[in-house]
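Student: Just need the structure, nothing else, for what follows:
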Amino acid sequence: MAISSQGIGSGLDVNSIVTQLVAIEKQPLKNLQTKATTLQSQVSAYGTIKSQVSALQDAATILASASSWSAQAATSSNTTAATVSADSTAASTEFGLDVTRLAKTQTTASRSIAVGTPIGAGAGTGTLTIQLGSWGGAGLGPFVPGSAAGVTVNVNETDTYAQIASAINAANAGVKATVLNSGGMERLSFQSTTSGSDAGFSIASDSGFAGLDSLSFTALNNGSESASGMESSQTGLNAQFKINGVAIESATNTVANVVTGVTINLLQTTGVGSPVQIAVIQDKTTIQKNIQAFADAYTALNKTLADSTKYVSGGKSGVLQGDSTTVGLQALMRKIVGSESAGSTFTRLTNVGLQQQTDGSLKLITEVQGTGRTDNLNTAMKDMANLQKLFTTDNSDSATNGFALKLRDFAKGLIAADGTVSNKSTALQASISRNGDDQDRVLERASRVEKQLRKQYSALDAQMAKMSGLSSYVTAQLAQWNKTS
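Tutor: Okay, the predicted model is just below:
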């Protein structure tokens with residue numbers, strides 16, 4: 001039996017002795033655990049580095065794309081009447097917009113009945129057929145059916161307006177039905193789902209019963225209730241507007257690509273002689289934001305590399321301090337940013353206001369710094385073609401390519417499967433795995449030693465117990481012999 005307390009036969013504190021001897025065997029474990037903590041911190045640091053390299057690649061990719069330099073900004077002089085947006089296919093332009101009519105949907109409404117009342121008094125059934133089309137050239141009739149077939153909806157005399165509305169909406173007939181409640185009475189309102197003169201509708205009943213006929217609408221009645229009870233409150237109409245005096249119609253109030261790449265949202269009509277002035281110009285604000293994002297991504301990565309490799313005498317140095325891979329990566333980044341590009345009148349980032357600071361970060365200078373100085377972004381933007389070339393020129397040479405291509409390809413290579421950052425991360429994970437195996441071996445050896453020591457001390461204690469028993473017997477015999485003598 002193993003001994004876990006003070007020896008019975010020997011009187012020794014066996015448990016304390018064994019524990020201290022095993023602790024000696026486990027001494028390498030402390031160093032291994034400290035090393036494991038360091039490795040985990042390094043893995044975490046390289047996780048951050050990899051994420052920031054990816055962010056730099058994304059920012060550089062945007063600047064390397066020609067479409068990011070062709071972004072256009074559109075403005076409206078009267079956003080109450082019209083708002084405007086433009087995409088990269090739009091060309092810089094200006095034009096006047098006159099809105100004489102907005103696009104409208106057709107709406108009709110039924111007669112009023114008590115809330116929740118069935119439309120009929122019996123058990124009859126019938127159908128309503130909803131047909132899309134137009135109400136003549138000027139929206140005044142007669143109705144001209146469209147090419148699509150009408151949609152039929154079944155109706156019972158026991159149905160309420162709510163049930164009929166639900167059936168019509170489920171039919172997806174191009175018309176939405178809504179129940180309107182007021183003063184204990186309700187009406188069934190119909191509206192086409194799209195605007196425009198070709199999105200009108202007619203409703204025909206099969207004359208199954210009077211309540212069903214009251215929902216038919218086959219002729220315009222200029223806002224007054226028809227014989228069947230349906231009332232027309234609005235006819236579907238196209239929007240009418242002029243661009244630089246040229247008359248144009250649109251089925252919707254969102255007008256896209258009448259001017260290539262430009263989308264206009266018509267909101268209200270304009271007064272005579274008061275056109276909305278629309279301007280489309282190169283979106284310099286977005287371009288500046290893209291350049292700033294590029295500088296920020298580079299600076300964030302540079303800071304992480306600097307913090308992780310810094311040496312502090314007598315203090316806490318960076319977790320990657322002295323690591324040649326990380327130091328080399330930082331030096332290479334700074335070399336690329338300080339290099340030159342060919343293909344533009346601008347050759348360095350400093351020429352356009354991207355200045356490398358003493359800590360390695362990139363600072364974007366937008367304003368003139370002194371009399372006669374041109375090394376700022378605002379001045380560079382006056383020559384947008386060469387500013388773009390500084391970032392996007394492809395010379396098929398990593399040394400002289402545009403800076404967006406340089407940094408994009410550099411970052412892409414770092415985080416590729418066989419790239420520097422990926423390889424370093426893999427190596428650190430392998431080191432952690434080996435460290436774990438070493439810890440397991442130390443613990444396994446300490447367990448064997450503990451088992452062996454407890455076995456040895458158990459045998460020693462048992463032997464000393466026998467010797468103690470023999471000593472007591474001899475002592476008793478001598479005492480008895482002395483008395484007899």
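Student: Can I take it that Ser396 is in a strand?
Tutor: No: counting by DSSP: H, G, I helix; E, B strand; the rest coil, Ser396 falls outside a strand, being coil.
Student: Show me what the helix or strand Arg448 falls within is packed against.
Tutor: Take DSSP states H and E as the rule and Arg448 turns out to sit in helix 420-484. Under the contact criterion of 3 or more Cβ pairs under 8 Å, 6 or more residues apart in numbering; DSSP states H and E, helix 420-484 touches helix 14-25, helix 27-64, helix 324-337, helix 403-414. No exception for glycine: its C-beta is placed from N, CA and C like everyone else's.
Student: where in the chain is pLDDT low?
Tutor: 1-12, 137-141, 221-229, 369-372, 468-473, 477, 485 (pLDDT under 70).
Student: tell me the domain boundaries of it?
Tutor: Residue ranges for the domains of the chain, per automatic domain parsing: 72-103+239-282, 107-234.
Student: how long is the longest one end to end?
Tutor: This points to domain 107-234. End-to-end distance of domain 107-234: 5 Å, with Cα to Cα, to the nearest Å as the criterion.
Student: isn't Val327 right up against Lys310?
Tutor: No: the criterion here is Cβ atoms under 8 Å, and Val327 misses it with Lys310 at 10.7 Å.
Student: Show me whatever sits in contact with both of these two.
Tutor: By Cβ atoms under 8 Å, 6 or more residues apart in numbering, Val327 and Lys310 have no common neighbours.
Student: hmm, back to that, take the domains of the chain and lay them out in a markdown table including mean neighbour count and distance to Leu301.
Tutor: What follows is the domains of the chain, written out as a markdown table (neighbours: other Cβ atoms under 10 Å; distance: least, Cβ to Cβ, whole Å):
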| stretch | mean neighbour count | distance to Leu301 |
| --- | --- | --- |
| domain 72-103+239-282 | 17 | 29 |
| domain 107-234 | 17 | 50 |
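Student: Next, format these as TSV and append distance to Thr379.
Tutor: Converted to TSV, these look like this (distance: least, Cβ to Cβ, whole Å):
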stretch	distance to Thr379
domain 72-103+239-282	16
domain 107-234	48
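Student: Of the ones you listed, which is nearest Ala45?
Tutor: Between Ala45 and the domains of the chain, the shortest gap by Cβ to Cβ is with domain 72-103+239-282, which sits at 38.7 Å.
Student: And that closest one, end to end?
Tutor: 4 Å.
Student: SS state for Ile130?
Tutor: Using three-state DSSP, the structure places Ile130 in strand.
Student: Mind listing the residues bridging to it?
Tutor: Beta-bridge partners of Ile130, counted by DSSP bridges, are Val151, Ile203.
Student: Now do the contacts for Asn395.
Tutor: Each residue near Asn395 by Cβ under 8 Å, 6+ apart is listed here: Ala342, Gly343, Asn401.
Student: looking at these, which has the most residues close by?
Tutor: Of all the contacts of Asn395, Asn401 has the most neighbours under the rule other Cβ atoms under 10 Å, reaching 23 neighbours.
Student: quick one: the closest residue to that one other than its chain neighbours and Ser68, what's the gap?
Tutor: Spatially, and ignoring its direct neighbours in sequence, Asn401 is nearest to Asn395 (5.4 Å; Cβ to Cβ, 6 or more residues apart in numbering). In this view, Asn395 and Ser68 are 20 Å apart by Cβ to Cβ, to the nearest Å.
Student: One more: Thr93?
Tutor: Separation of Thr93 from Ser68 (Cβ to Cβ): 20 Å.
Student: now the strands for the stretch 251-400 of the chain?
Tutor: 254-256, 262-266, 276-282, 354-356, 362-364 (DSSP state E, counting those that start in this stretch).
Student: Using a markdown table, please lay out the ones you listed together with distance to Gln42.
Tutor: Listed next are the strands of the stretch 251-400 of the chain as a markdown table, based on distance: least, Cβ to Cβ, whole Å:
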| stretch | distance to Gln42 |
| --- | --- |
| strand 254-256 | 53 |
| strand 262-266 | 51 |
| strand 276-282 | 46 |
| strand 354-356 | 27 |
| strand 362-364 | 26 |
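Student: Ser41: which of the ones you listed is closest?
Tutor: Between the strands of the stretch 251-400 of the chain, strand 362-364 lies closest to Ser41; by Cβ to Cβ that is 27.1 Å.
Student: List the strands paired with the closest one, with their directions.
Tutor: Partners of strand 362-364 in its sheet, by DSSP bridges: strand 354-356 (antiparallel).
Student: Might you calculate how far the strand it pairs with sits from the centre of the chain?
Tutor: 30 Å (Cα atoms, centre = their mean, to the nearest Å).
Student: go on, stretch 274-291?
Tutor: Stretch 274-291 sits 25 Å away from the centroid of its parent chain (Cα atoms, centre = their mean).
Student: next one: stretch 191-205
Tutor: From the chain centre to the centre of stretch 191-205 is a distance of 39 Å (Cα atoms, centre = their mean).
Student: how long is it from one end to the other?
Tutor: End-to-end span of stretch 191-205 (Cα to Cα): 18 Å.
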